[in-house]
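Engineer: For reference, the sequence and a predicted model appear below.
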Amino acid sequence: MALEFWKDRAKKELNEDLFSKKAESYAKVVAEKSNTTTNNPTQLRRFFDEIVTFDSRFKMAMSKTNSKEEREQAFKQQLPFIHMLIPKVRYAEARKLVTSDFTNVIKEAVDNIKEPDDIKVFTSFFEAFIGHFKYYKEIQQVANNNHNNDFRGKNGGNANNKRW
């Protein structure tokens, strides 16, 4: 599955299902591969926070530009910093904090950033991804709780807890 932000870049038409179906499909895969130590919502949120911080810094840099040339120059100066997400996520993967699936999401999304408008799309995509991811993690948690309750029985699995 290849991530493409734009249906038609020249016309500035986003893929209409980018934030819904695409973000959801990536989030579902990442959620399914997660466990108690990998793809923890807190860990993924750290990457989201970094993306949002970068977006804010980028907007600030753009506000100081007066021409198209200055805007493109500011974008070129900021682009390496967004690409720093790739080694950071790979380091997190090496430490078994995230899975290769999450690393691939970040890499594919960063690879889509070619011009200034892509920064906002990237931030919005990742926001949608996090929302879908949390949804699937919540479903997993409910399913696991129900599964555990089935094994424990009505008295919580404690044989000394019988009521006569």
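Structural biologist: Thanks, I have it.

Engineer: from here on, contacts and neighbour counts on C-alpha atoms
Structural biologist: Fine.

Engineer: name the helices or strands packed onto the helix or strand of the chain with the lowest mean pLDDT?
Structural biologist: The weakest-scoring helix or strand in the chain, judged by mean pLDDT, DSSP states H and E, is helix 117-152 (a mean of 86). In terms of contacts (3 or more C-alpha pairs under 8 Å, 6 or more residues apart in numbering; DSSP states H and E), helix 117-152 is packed against helix 23-32, helix 41-63.

Engineer: quick one: the last one to helix 117-152, angle?
Structural biologist: Using axes from the mean of the first three to the mean of the last three C-alpha atoms, to 10 degrees, the inter-axis angle of helix 41-63 relative to helix 117-152 is 170 degrees.

Engineer: Tell me the buried residues in helix 41-63?
Structural biologist: By 16 or more other C-alpha atoms under 10 Å, the buried positions in helix 41-63 come out as 41, 44, 47, 48, 51, 52, 54, 55, 58, 61, 62.

Engineer: Stretch 122-134 now?
Structural biologist: Burial within stretch 122-134, assessed by neighbour count using 16+ other C-alpha under 10 Å, is assigned to 122, 123, 124, 125, 126, 127, 128, 129, 130, 132, 133, 134.

Engineer: who touches the closest residue in space to the fourth one that isn't next to it in sequence in this structure?
Structural biologist: In space, and not counting its chain neighbours, residue 125 is closest to residue 19: 5.6 Å by C-alpha to C-alpha, 6 or more residues apart in numbering. In this structure, residue 19 makes contact with 124, 125, 128, 129, judged by C-alpha atoms under 8 Å, 6 or more residues apart in numbering.
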